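Undergrad: A predicted structure for the sequence below; I have some questions about it.
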Amino acid sequence: MENASTVREGGCLCGRVRFTASGDPVVRAWCHCPSCRHAAGAPVVAWAMYPMDRVRFSAESLSRYESSPGAVRGFCANCGTTLSFEGELIDGLIDLTIASFDDPAQMAPDVHIWGRHRLPWMPVEGAAVIFDGLPEGAPG
């Protein structure tokens, strides 16, 4: 059940870009796709997906980069922190990197997506569900 009164905050490493996200995320997922790996310089990226109208960026504006047709990644132009993903695939929604929240310990991912791209040395622990791509019926 969604808690509409929950407001979570986060931002980039240098503090120039800050955000607030209201309510609970639609889903929290580990993404193993090559595009996310390259954008973050990490073997996997943890995302929290929200309806766009529940996310606000403050301080300096988010810089945006079209990483592929129909996919835009948001980051801080000063320190380079990866902060968001928007795309035609998830129209009306925005992913925020869980590690950029002020309290990421409260945002454990529930599923793994694009598992077919998981690096063989990247462990998958716990009971999280692993999808080869996006789950059937996924938002977008």
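TA: Here it is on my side, so go on.
Undergrad: Look up how far A42 lies from the closest residue to R56 other than its chain neighbours.
TA: In space, R56 comes closest to T20 once its chain neighbours are excluded; the distance is 5.1 Å by CB to CB, 6 or more residues apart in numbering. All C-beta atoms are positioned from the backbone trio N, CA, C, and that covers glycine. To A42, T20 is 24 Å away according to CB to CB, to the nearest Å.
Undergrad: Could you report the distance from Y50 to P25?
TA: Using CB to CB, we find Y50 at a distance of 5 Å from P25.
Undergrad: swap in V111?
TA: 12 Å.
Undergrad: Model confidence at the most centrally placed residue in the chain, what's the number?
TA: The central residue of the chain, meaning the one whose C-alpha is nearest the mean C-alpha position (CA atoms, centre = their mean), is W47 at 2.7 Å. Among the per-residue scores, W47 shows a pLDDT of 95.
Undergrad: Also the one 4 residues further on?
TA: According to the prediction, P51 has pLDDT 97.
Undergrad: okay, now the residue nearest to D110 when sequence neighbours are not counted: neighbour count?
TA: In this structure, D110 finds its nearest non-sequential neighbour in R28, 5.3 Å apart by CB to CB, 6+ apart. Using other CB atoms under 10 Å, R28 has 19 neighbouring residues.
Undergrad: The one 5 residues further on now?
TA: The burial count assigned to C33 is 18, neighbours taken as other CB under 10 Å.
Undergrad: Show me where the chain has its helices.
TA: 34-40 (DSSP state H).
Undergrad: residue ranges with poor pLDDT in it?
TA: Under the criterion of pLDDT under 70, the regions of the chain flagged as low confidence span 1-4, 59, 126-127, 136-140.
Undergrad: Need the residues that contact stretch 67-86.
TA: Applying CB atoms under 8 Å, 6 or more residues apart in numbering, the set of residues contacting stretch 67-86 from outside is 10-14, 16-17, 19, 35-36, 39-40, 45, 47, 52, 57, 60, 62-66, 87-89, 93-97, 100.
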